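Trainee: Sequence first, then the predicted structure:
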Amino acid sequence: MPSLGEGRVSAPFTPPAVVLQQARERERAGSLPEAIERYDTAIATAEQCGDHAVLAEALRRLGVVRHHRGEGDESREHCLRSYGVALQHDDDVLAAEALNALGGMELAGGSLEDAREIFLQALDLGGASQALRARVEQNLGIVANIQGQLNEAVARYERSLDAYRSCGDEHGCAIAYHNLGMVSTDRGRLDAADCYFQESRAFAERVGDVHLWGLCLVNHSEVHVARQRFEDARQNAESALALFDQIGVRAAKADAYRVIGMVYRETGRPALAESRLRSAIDLARAAGSVLGEAEASRELALLHQTMGRNEEALRLLNAAYRLFRRLDARVDLVHVGGKMAELEGSYLALVREWGQSIESSDNYTYGHCERVARHAVAMSRALGLDEHSETTILLGAYLHDLGKVRVPHEILRKRGPLTRVELEVLQMHPIWGIELLATVDFPWDLKPIIRSHHERYDGTGYPDRLKGDEIPLGAQIVGILDAFDALTTTHAYQAALPVAEAIAAITRRRGWWSDRVCEAFLKVVAVNGPATPAAAESAESP
């Protein structure tokens, strides 16, 4: 009989379900290496015991953890194996859970349509489970939102909310209400957004999700700004800041500072607005939040626009534009195309206002850039140019006379012919326009239009005596319309010509522009006539 010292004691057996629970606890605590080890153990013991439910669950959760660690091939392999185990044992819900995880991986990889198809398969297979249905509908709503399909996003989020309610998941309800608030804001349905954010905040407080609670406050404050309830917006954002300070979330703090800056801007406190918006930019940049930095940069640009600091505003819009182009819908869960369209609207408003401000001191020139821009769009379309080229020409038309801010008023408003010296000064305005924009790097190449709109196809123009196709097409379009507007509007030294006479004058000088530009001009003017209201440009004529 062996002695006690020679005996061997077996390690106690731990049921696979217990090991799985231990792995989940390690995962929630952020101890991923330990979580992976426990999941591996749960898989091994579940295989030994024939516990298919634990096996499928452990495989799927291990796949998700490996996905978070950037181990794409392994993560998909684990989820596909989980799916296979579940199907083999006729467990539709666990199979659908595996599909939902795989769909999330496709979404994170940017394959939106593949993700959508997988989520739909998961819904079809395991939709009888309200808990699963809630999460899959939520994921389908996210895909729809990223794709800009806001009506579908709302429908999906509403179904997700109903499913969360059915299974008594208050935290899920908080998320669903928040998603509905966000998409309602994007759709301009502010009454609905008000209600959704209030509901989400109440649930988030009840379940103790401080981060979501703060997000509700910040996003609801944007609704308050849109409705000009500025004090409510400020109080919400300040409360959110206090919550974010508790949990140390810099990116979310950036959003709160941005909203406070917007409030100060809209209530006439520009110094405070600039301070808060710069803080928002710095915090977002430090947190690596491209979306937060882009949106704060856009809001600061709008502040500078209201202060007449147009060049600074354009630089900030350019920074925002570059940032928005870096947006990753997989991470930021936004419709990037919608964000870009909104930003381009800000560009157009700023450039248009700046163009008008150039003319505002002279009744004879007011409205010139607007008229040229309107016809320039029509000519761009007649020439079959793409959307990017059309936007380039539109913005270039608004700013083509920017350099005239440096031309003395006595020259611009002179009633008689200009002397040679005065004409030389006036002809500097294309170069001065380029100099004024030297530090602005546009997403559209406007500078050739500004510099070359007075060049002539026969080489007799200025400032560079370009000839033929050396002259950019956009500059030719703006140039011919600039000349036409000078002829058809009244100014200090001559009355406006009738349209027919102005067209005849342009036709006599058609050697100044290419044939295709002249033909497009004649086509557009024949249809539209001169733009209104009547005004004039300067002491320049064709």
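Mentor: Nice, I can see it.
Trainee: CA atoms for contacts and neighbours, from now on please.
Mentor: Will do.
Trainee: which helix is the longest one in this protein?
Mentor: helix 336-359 (DSSP state H).
Trainee: Off-centre distance for the next helix or strand after it?
Mentor: Proceeding N to C from helix 336-359, the next assigned helix or strand is helix 368-382, under DSSP states H and E. Chain-centre distance of helix 368-382: 27 Å, with C-alpha atoms, centre = their mean, to the nearest Å.
Trainee: how big is the angle separating helix 368-382 from helix 336-359?
Mentor: 140 degrees (axes from the mean of the first three to the mean of the last three C-alpha atoms, to 10 degrees).
Trainee: any idea of the angle whatever helix or strand comes next after helix 368-382 forms with helix 368-382?
Mentor: Per DSSP H and E, the first helix or strand lying C-terminal to helix 368-382 is helix 387-399. Computed by the same axes, to 10 degrees, the angle separating helix 387-399 from helix 368-382 equals 160 degrees.
Trainee: Which other helices and strands does helix 387-399 contact?
Mentor: Using 3 or more C-alpha pairs under 8 Å, 6 or more residues apart in numbering; DSSP states H and E, the elements in contact with helix 387-399 are helix 336-359, helix 368-382, helix 447-452, helix 473-488.
Trainee: residue ranges of the helices in the stretch 201-350 of the chain, please?
Mentor: Ranges of helices within the stretch 201-350 of the chain are 210-226, 230-247, 250-266, 270-287, 290-306, 310-326, 329-332, 336-359, based on DSSP state H, counting those that start in this stretch.
Trainee: Which of these has the lowest mean pLDDT?
Mentor: Mean pLDDT across those is lowest at helix 329-332; the value there is a mean of 47.
Trainee: Quick one: residues contacting residue 196.
Mentor: Residue 196 is in contact with 177, 178, 180, 181, counting by C-alpha atoms under 8 Å, 6 or more residues apart in numbering.
Trainee: Relative to residue 302, which of the residues you listed is nearest.
Mentor: For those, the minimum distance to residue 302 (C-alpha to C-alpha) is 24.9 Å, reached by residue 181.
Trainee: hmm, back to that, out of the helices of the stretch 201-350 of the chain, nearest to residue 36?
Mentor: Residue 36 lies closest to helix 329-332 among the helices of the stretch 201-350 of the chain, at 24.2 Å (C-alpha to C-alpha).
Trainee: Tell me which of the helices of the stretch 201-350 of the chain sits most buried.
Mentor: Comparing the helices of the stretch 201-350 of the chain by mean neighbour count (mean count of other C-alpha atoms under 10 Å), helix 250-266 ranks first with a mean of 27.
Trainee: related to what we said a few turns ago, out of the helices and strands packed on helix 387-399, which gets nearest to residue 464?
Mentor: helix 447-452 (7.8 Å).
Trainee: tally of neighbours for residue 484?
Mentor: 23 (other C-alpha atoms under 10 Å).
Trainee: Enumerate the positions of stretch 420-430 that are buried.
Mentor: Neighbour-count burial for stretch 420-430 flags 422, 426, 427, 428, 429, 430 (criterion: 16 or more other C-alpha atoms under 10 Å).
Trainee: now it: mean pLDDT?
Mentor: So the average pLDDT for stretch 420-430 ends up being 92.
Trainee: Run through who's touching that stretch.
Mentor: By C-alpha under 8 Å, 6+ apart, the list of residues contacting stretch 420-430 from outside reads 400-404, 406-407, 411-412, 450-453, 462-463.
Trainee: from those, which single one is nearest residue 259?
Mentor: Looking across the contacts of stretch 420-430 and measuring by C-alpha to C-alpha, the closest to residue 259 is residue 402, at 32.9 Å.
Trainee: nearest residue to the most centrally placed residue in the chain other than its sequence neighbours?
Mentor: Closest residue to the average C-alpha location of the chain: residue 339 at 2.4 Å, with C-alpha atoms, centre = their mean. In space, residue 339 comes closest to residue 324 once its chain neighbours are excluded; the distance is 7.2 Å by C-alpha to C-alpha, 6 or more residues apart in numbering.
Trainee: Centre of the chain to stretch 447-467, how far?
Mentor: That offset, for stretch 447-467, works out to 36 Å (C-alpha atoms, centre = their mean).
Trainee: do stretch 19-35 as well
Mentor: Stretch 19-35 sits 37 Å away from the centroid of its parent chain (C-alpha atoms, centre = their mean).
Trainee: For it, which outside residues touch it?
Mentor: By C-alpha under 8 Å, 6+ apart, stretch 19-35 touches 36, 37, 38, 39, 41, 42, 54, 58, 65.
Trainee: List only buried entries from the residues you listed.
Mentor: Among these, those classed as buried by 16+ other C-alpha under 10 Å are 36, 38, 39, 41, 42, 54, 58, 65.
Trainee: wait, what's in contact with residue 139?
Mentor: By C-alpha under 8 Å, 6+ apart, the neighbours of residue 139 are 104, 119.
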